[in-house]
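[1] Build me a model:
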Amino acid sequence: MYLYYRPFEVIQVPCNTITKRQNEWLGTQINMLWKGSAETLTIYAVVTQQKWYSQFDEIGSTKHTMTITLPESPNSFTPIGFKAFLPLSGCEPKSGYGIKWNLDKYGEYGALNVLTVISSAASLQVSGIELT
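    Below you'll find the predicted structure:
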């Protein structure tokens, strides 16, 4: 992806799907191509859920903020990536969660319906009783 700005929208990008427990962390990485002078940005990744008023309603307890430096690359595109690990303890057990990366002045990028969170509580499921 090239870094460019589209105000007031989350640009949807491809993403795999995954299932995690509430007591686990979600690892996420954003990959991009950068061309320009060196620049420092404050960016963040966050788990989202769809609400009636927003496709990307952020779950604040999952937010991971970092300061990054984009390298000097005046003539050609340089591939770069950044990782974040998001705690899922604030997510209810359900499917349909999304992920969003906010890249400061370069906009927001995300994917919907890519994460299912299941309970971390112990559970027992009886499959039957046998008589002999």
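[2] Report all helices and strands that the strand ranked longest in the chain contacts.
    What stands out as the longest strand in the chain, according to DSSP state E, is strand 73-87. The contact analysis (3 or more C-beta pairs under 8 Å, 6 or more residues apart in numbering; DSSP states H and E) places strand 73-87 against strand 25-36, strand 39-51, strand 64-70. Quick note: C-beta positions are derived from backbone N, CA and C, even for glycine.
[3] Could you rerun that using 6 Å?
    Contacts defined by 3 or more C-beta pairs under 6 Å, 6 or more residues apart in numbering; DSSP states H and E place strand 73-87 against strand 25-36, strand 64-70.
[4] got the buried residues for the shortest one?
    Using 16 or more other C-beta atoms under 10 Å as the burial criterion, the residues of strand 64-70 that qualify are 64, 70.
[5] Return the list of strands paired to that strand, each annotated with direction.
    Partners of strand 64-70 in the sheet, by DSSP bridges, are strand 39-51 (antiparallel).
[6] orientation of the strand it pairs with relative to strand 73-87 in degrees?
    Per axes from the mean of the first three to the mean of the last three C-alpha atoms, to 10 degrees, the angle that strand 39-51 makes with strand 73-87 is 40 degrees.
[7] buried sites along strand 39-51?
    Under the neighbour-count criterion of 16+ other C-beta under 10 Å, strand 39-51 has 41, 43-49 buried.
[8] As TSV, the residues you listed with distance to residue 14 would be great.
    Formatted as TSV, those follow (distance: C-beta to C-beta, whole Å):
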residue	distance to residue 14
41	22
43	19
44	20
45	16
46	18
47	18
48	16
49	20
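[9] ok, those vs residue 25, which is closest?
    Relative to residue 25, the closest of those is residue 47; by C-beta to C-beta it sits at 10.7 Å.
[10] Tell me the secondary structure at the one residue sitting closest to the centre of the chain.
    Centroid-nearest residue in the chain: residue 99, 3.0 Å away (criterion: C-alpha atoms, centre = their mean). Three-state assignment for residue 99 (DSSP: H, G, I helix; E, B strand; the rest coil): strand.
[11] For it, give me its contacts.
    Residues near residue 99 by C-beta atoms under 6 Å, 6 or more residues apart in numbering: 28, 110-111.
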